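Colleague: My questions concern the predicted model and sequence given below.
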Amino acid sequence: MTRDTGEPVAEPVGTGPSVLVAESKISPETSVTSGPRRRGGAPGEKRWLAGVFLAPAAVLLLAILCYPLIYSVVRSLFSDGPAGAVGSFTGLHNYEEIFTNNAILRSVVNNIIWVVVVPAAVTILGLMFAVLTERIRWATAFKTVLFVPMAISGLAVGVTFALIYNDAPSRGLANTVTVGIHDIFSQSTGYPGEHPRDASVLTGSEGKGFTTKKSYPAGSVVELPLTGLSLTSPPPGLSAAQTPKAATALTGVVWNDFKLGGGGTVGRVDPGELGLKGVTVQALQNGRVVATTTTDGSGTFTFSKLTAGQFTLRLPHGNFTEPFTGLSWLGQHLITWAIIIAYLWVYAGFAMVLLAAGMAAIPRDALEAARMDGATEWQVFRRITVPLLTPVLLVVFVTMVINVLKVFDVVFIISQSAGANQKYAQVLATQLYQFYGTQQYGLASAIGVILVALVLPAMAFNIRRFRKDQG
Amino acid sequence: MTTTAGSDLVTGAINRGPIARVVARTSGGALRLFLIAVGLIWLIPTFGLLVESLRDPQTYQGGGWWKVFAHPAQLTFNNYSAIFDDSAITNSFLNTVYITVPATVLVVLIGSAAGYAFAWMEFPGRDWYFLVVVGLLVIPIQIALIPVVKLYGILNISGSLISVILFHVSFGLPFAIFLLRNYFAGIPRDLMEAARMDGASEGRIFVRVILPLGLPAIASLGIFQFLWVWNDLLVALVFAGPSNQPLTVALASQTRQFASSIDILAPGAFLSLIVPLIVFLAFQRFFVQGVMAGSVK
Amino acid sequence: MRSAKTSLAVACAAFATAGLLAGCGSSGGGATNTAGNTAAAPPPASGASSSAATLPQLSGQSFTILGQWTGGEQKAFQAVIDKFDSLTGAKGQYQAAAGGDEAGVLNTKVQGGTPPDIAMLALPGAISDYAKAGKIQAVDPAVASAVSANYASVWTDLATVGGKLYGVPFDASNKSTVWYSTKAFSDAGISSPPTTWADFLKDAKTLSASGVTVPVSIGGGDGWTLTDWFENVYIRTAGLDMYDKLTHHQVKWTDPSVTDALNVLKQLFSDTSLVGNPTDALKVTFPQSVDNVFKSNAKSAIVYEGSFVATTITGDKLPAKVGTDAKFFAFPSVNGSKAAIVGGGDFAVAFTQNKAVQPFLQFLASPEAVKALVSSPGSGFLSANKNVPASDYPDATSGELAKQMVDAGDNFRFDMSDQAPAAFGGTPNQGGEWADLQNFLKTGNVQATQQALEQHASAVKGW
């Protein structure tokens, strides 16, 4: 029963990982796929036996998969009545509605993104890890670490990542890291959120800066009230606002015109109100900036060089820049990618386990021989490992394509934390679930049928490979 | 010529060129470093979940789980003890076992039988049936719910454990048959022929030859089916009666409608994680051994 | 090969046809009879009281109830079931539609022919749908009289379809309450909460000046909060009659009354100094919007929603205490409108003729059942049962909330979007009211919103 490997066979002759086991035992002439050359046993007896082996599977598949599929195909041809009742026969109307519905078209686009990116990424990651861990002793520990995400329920995975992607840097890990990295390079200063209470003295916006409505002559004291400073936890280093005495130059004060508990006069500096330190003030004449200064510890500023003329004052927008609070991971543009990352985290382990099993069956001597002959690692990988692994790679890839077409759990749960942005993450399976939830069973069935139809190309590919092996 | 089992470091190749030699020397260390880094990053979400499960819920709004390192006082076992105190949850654990074990065993048995038939037996339409089976892989669970509920109503098994188990087995069969048929097809015919010559029946061949040789695939299938059924929520929600609910449903029943429920879900997720991890570690050795055993001739 | 394929196809088709016929034929009286007995209604007692004395003995009769309550609420409802069991000897089994999708689970069971004996429904629209499809049982005369003895007629009307009463009101939520952080108010020098819309906006501006970053926290991520905002404004600008007409789509969404209401709402929604950046508000889910007001270092001070805000505060274990740190004021009046309460609630509905069903419904209508419900700690439940005084509630806030609902009598109105067909008012899907109002929050375009609302409302059947 022993067969010689001789030299590595680069062309797999079956579809399936155990063909690798067989490689070391059979010679290339023996076909491993059964064909009409079968010997032994009367055809009738074989068929009866096949029936016995197939019966349990057949019963279950027919009752619980096949029947619902047919039911769905039929149901998708009828419209929806109230309370989920079956409406009238409408032919392909449901499908028409689906293809003209923007939300569903968006789901289709999302599914396409998923199918193009994820199976390839998962397979490559799994392959990479399977190959790399082959050479280390603690491979099992590493495999377990990568496998744990698969063992966690979909609900927990969704909740974990929803938390990671939480917008607030104090709550979500992703933004903590992003803001941390950003803040290494640039700090933000100023008073974000500070704004005038009304447009009586200053007009404008935080984005453009605030300008005084009137112009002031040199020698006057300009009071510029702003509000919005957090009084329960104010920025450090602020002290009480003080109105400066009049001088020949243009002076004034910028302060927070509100104190804890309210009260005081609007527009005047009251005791207990804080001056705003470090605010840039610009003096403008005829629209041009002629001088710039900064407020001191009690919010006062002085344009010592401006001793004559009329000026309007401006607080440029740089005083009010919002600090960087991270990216919107669950926002319109990133949400699908964020969910894909979560999915990769779970399924890389799946691919790795299967591929490692396949790799373990590759005969070592074939690889040794190649190395002895001077092949580099990369050549060994490309010319021997990958071809021998192709059957397993295919199983992994095709399974991932199918899993991704009907991905539901992770998308559903993470998108629930996205508020109104969840519509950007929808895939066909979640769309189906929505129609199911509002008892529009005709539309739901139509989507189900579309999903089944989408897998046909993958199946056609499989057929062709299968036939190629056979013939 | 036999293969050596378990050699984990491929002996050095004859590399050419100075760069190749440098790479060879550093690749070992760099590789290990890279894998350790990857492993650590992979662990972060799980680790975060673990820490959250050990934190007092009052601290959640105040900051992320990493604050725990500065304030270790936030840690508490209360979340876990709350779960253990809840008899509904501890009972549901048994239900999960009652559902998952039969579902896994049945899928393996029925799938193997069917996979063998598709791989090695002749009958009309075999290839087309196989493709239909694989096509069934894509059916989403939702569209099967209503028809199957109707069916169960007719068979009068609604709400029972059997109803949940059969549903899981059926949905696991397409992948099982796909995987096992491909795997079995690679088993050399001569082994079976020899057994047949010795007078063994098909059944014996199946049990004595196919199953042992197919162990790697069967073990993989077992792990994934076990996981999928263990962590399932939707199917149990629809089909299981109030006294048959598994852990996932019991935990979901604790979630609050208008408030976050991480203090329930996180410990629940970890408690639920223990068994599949044990199964994984057990099966993992199984299929590597199986492969090695099969390759020694 | 061909013969096998054909036989397979024939088998599948046979299955399918059988299934489809079973499904199609379930139009009339499709309730299955799980107990195997026909219902025997207890003789109505004189005076239509529903006290324990009139309940029959049901030794060992088991029945199932499906609801969406989990956790603490489930325990509270279990107390009610236990009380009924102790009075009658029956065995009620509650099943939680955990995962938040009671409608989906219930529908699956109903469509599949195995409904629960009783289900707690939050949407009167669903009651109407099921009644028209013949899936639910009308209540017995004894139950009907118990309901009318305990609830204002506006409640009875909600569950009446074609002249017959199908549902028993049970718990309720008061959705005309605006919650605020007392500390933020005192820091801003606001001595008493606002009573008019103009004052409300003024106070919000004061809060903004006092350093509260986003004074009014809007949970725009959950579109249904926006429908509640709209309904409270609409009932105050257009009045009770128009409210009813719009509820049943007898008035279009392009009506000028809707324009007025949206313009009032726009005064708040489009003011970024009061509600923050709309894109951010649209990301915030309802529980998060409550957290934003009551956590430490809160950046908001006011959140509007129903009485279940209190449930979130306790559920999320926020550092604010309901009644001292977190208080509510009634939704402000607009242009001098009268007090009005918009709210929601759950109805118990019978799907089968199980012997225990009608007695249980009768019990639920009684004050005793409500007392058992609200006195469980942490329940957060309220009821509009007029025979349950505020003193029966475990804390002053709950008592006050319930009292407002009962006092409103027939001026109470049920949540408009909950009465609409689910495809319009009950779903976050595009093409529904929730999504349209979310767009309104983002764009502030009144006319476009009205047109979208009308378009989507007309597209849905079942008004």
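Modeller: Received it, and whenever you're ready, just let me know what you need. The shown structure was predicted, so the numbers you read here are calculated from the model rather than taken from an experiment.

Colleague: How many neighbouring residues does residue 167 have?
Modeller: Chain wasn't specified; assuming chain A. 22 (other Cβ atoms under 10 Å in any protein chain shown). Every residue, glycine included, has its C-beta placed from N, CA and C.

Colleague: oops, chain C please
Modeller: C:Gly167: 32 neighbours (other Cβ under 10 Å).

Colleague: my read is C:Gln358 is in a strand, agree?
Modeller: No: read with DSSP: H, G, I helix; E, B strand; the rest coil, C:Gln358 is helix and lies in no strand.

Colleague: Give me the pLDDT value at it.
Modeller: pLDDT, C:Gln358: 93.

Colleague: ok, it to chain A distance?
Modeller: 22 Å (Cβ to the nearest Cβ, to the nearest Å).

Colleague: what about the helices in the stretch 351-463 of chain C?
Modeller: Secondary structure of the stretch 351-463 of chain C (DSSP state H, counting those that start in this stretch): helices located at C:357-364, C:367-374, C:396-408, C:416-419, C:422-425, C:433-443, C:446-459.

Colleague: What I need now is those helices written out in TSV, including mean neighbour count and distance to chain B for each item.
Modeller: Compiled in TSV, the helices of the stretch 351-463 of chain C are given as follows (neighbours: other Cβ atoms under 10 Å in any protein chain shown; distance: least, Cβ to the nearest Cβ, whole Å):
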stretch	mean neighbour count	distance to chain B
helix C:357-364	28	16
helix C:367-374	23	16
helix C:396-408	20	15
helix C:416-419	24	15
helix C:422-425	25	17
helix C:433-443	22	17
helix C:446-459	17	23
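
Colleague: These: lowest mean pLDDT?
Modeller: When I compare these, helix C:422-425 is least confident, with a mean of 82.

Colleague: How about residues contacting it?
Modeller: With Cβ atoms under 8 Å, 6 or more residues apart in numbering or on different chains as the test, helix C:422-425 has contacts from A:438-440, C:103, C:123, C:125-126, C:227, C:416-419, C:429, C:431-434, C:456-457, C:460, C:462.

Colleague: A:Pro149: how many residues sit nearby?
Modeller: Count around A:Pro149 with other Cβ under 10 Å applied: 23.

Colleague: cool, and B:Leu33?
Modeller: Neighbour number of B:Leu33 under other Cβ under 10 Å is 11.

Colleague: Pretty sure it sits in a helix.
Modeller: Yes: with three-state DSSP as the criterion, B:Leu33 is assigned to a helix.

Colleague: ok, now how distant is it from B:Gly39?
Modeller: As judged by Cβ to Cβ, to the nearest Å, B:Leu33 and B:Gly39 stand 11 Å apart.

Colleague: quick one on the thing from earlier: output the helices of the stretch 351-463 of chain C as TSV; include the columns distance to A:Pro316.
Modeller: Shown next, in TSV, are these (distance: least, Cβ to Cβ, whole Å):
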stretch	distance to A:Pro316
helix C:357-364	65
helix C:367-374	58
helix C:396-408	48
helix C:416-419	46
helix C:422-425	48
helix C:433-443	29
helix C:446-459	35
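
Colleague: Indicate which one of the ones you listed is closest to A:Pro192.
Modeller: A:Pro192 sits nearest to helix C:433-443 of all the helices of the stretch 351-463 of chain C, at 22.1 Å, using Cβ to Cβ.

Colleague: Much appreciated, bye for now.
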